[in-house]
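Student: predicted model and sequence below, questions to follow.
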Amino acid sequence: MPDAVENHPSADRIRAACGIDAQRPSESDVLRARRAYYGALSYVDHQLGQLVEVLRQTGLDKTTAIIFTSDHGEMLGEHGQWYKMSFREGAARIPLLMAFPDGASQQVAQAVCLADVGETLCGLAGAPSAPQVTGRDLMPLLKGETGWTDEVYGEYLGEGTFAPTVMIRRGKWKFLYTPDDPDQLYNLEDDPDEKRNLASLPLYQADVKAFQTEVLQKWNFELLRQKVVLSQQRRALVKRALATGRCTAWDYQPPANAHRAYIRHHKPLEQLEAEARLLPQDVGSL
């Protein structure tokens, strides 16, 4: 069965945005959704295995680095939530598997993020870092070097929000901040399922204050809000423009030229056959 619904404004907004409260899922709905989720994982695992087998058969496995990851997880009823749209562990945690030709393997306990993947690829290829990069090359961590800071930052400005939501995950702590919302602080070592929000407890006020100070130094929430509103205004303008006159899909589709797509009678049949089978330089010598 899905977990009990948490009483927090952010959770309420997510459920409202998804229509979850309009018709709460039954136990059979939950089981069916989770079966489908596990089936999707099995399918992806099978497809990845086929790809690895092709690399092995072609000998490319000896020179290929494989990185397997995802863009987000899925809530499957935990905290009464489905889909994503939050920094809950179920939605924010993703797989990150790396395989290298030397076959060495190890599991890393420190938190990393998708921004680190781009930097890692640049490092593997010997390319310079991307401009204004926020990620870190993971190779030193994978080689066992010490001094890696166990922290990641996140921000969410999508559906189900009224203001930017940011996250700091550092060591055992996860801190969530949204202007005008109650703060959220979780000890992921003692409470991996995030069922106890510690932010309002007197014992943790110093930790909350420190996180609040860091958040307000790192993020300009008014500037973020202005950027979001400007983006919404631009997209609304495009929507109105596309709805004016003859409605045209936003994605461009090049016009088809049937004159060149099919066999026509303007060329001798033997020339058409040759053009369909030979390279251009060979056709010119006929």
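Tutor: Looks like it came in fine.

Student: need the single longest helix in this protein, by residues.
Tutor: helix 27-58 (DSSP state H).

Student: can you map out the helices along the protein?
Tutor: Using DSSP H, helices in the chain cover 9-18, 27-58, 89-92, 114-125, 139-142, 205-218, 221-242, 258-261, 269-277, 280-283.

Student: now do the buried residues in the second one.
Tutor: Under the neighbour-count criterion of 16 or more other CB atoms under 10 Å, helix 27-58 has Ala33, Leu55 buried. All C-beta spots, glycine's among them, are computed from the backbone N, C-alpha and C.

Student: give me the neighbour count for Gly118.
Tutor: 15 (other CB atoms under 10 Å).

Student: need the nearest residue in space to it, chain neighbours excluded.
Tutor: Gly135 (5.5 Å; CB to CB, 6 or more residues apart in numbering).

Student: before we move on, what about Ile20?
Tutor: Trp82 (6.0 Å).

Student: please apply the same query to Ala111.
Tutor: Closest to Ala111 by CB to CB, 6+ apart is Val152, at 4.8 Å.

Student: my read is that that neighbour contacts Leu96, right?
Tutor: No: at 11.6 Å, Val152 does not count as touching Leu96 under the criterion of CB atoms under 8 Å.

Student: joint contacts of the two?
Tutor: Val112 (CB atoms under 8 Å, 6 or more residues apart in numbering).

Student: now do the contacts for Asp190.
Tutor: Lys172.

Student: pretty sure Lys62 sits against Pro101.
Tutor: Yes: applying CB under 8 Å as the test, Lys62 and Pro101 come out as touching, 5.2 Å apart.

Student: quick one: which of those two has more around it?
Tutor: Set Lys62 next to Pro101 and count neighbours by other CB under 10 Å: Pro101 wins out with 13 against 10.
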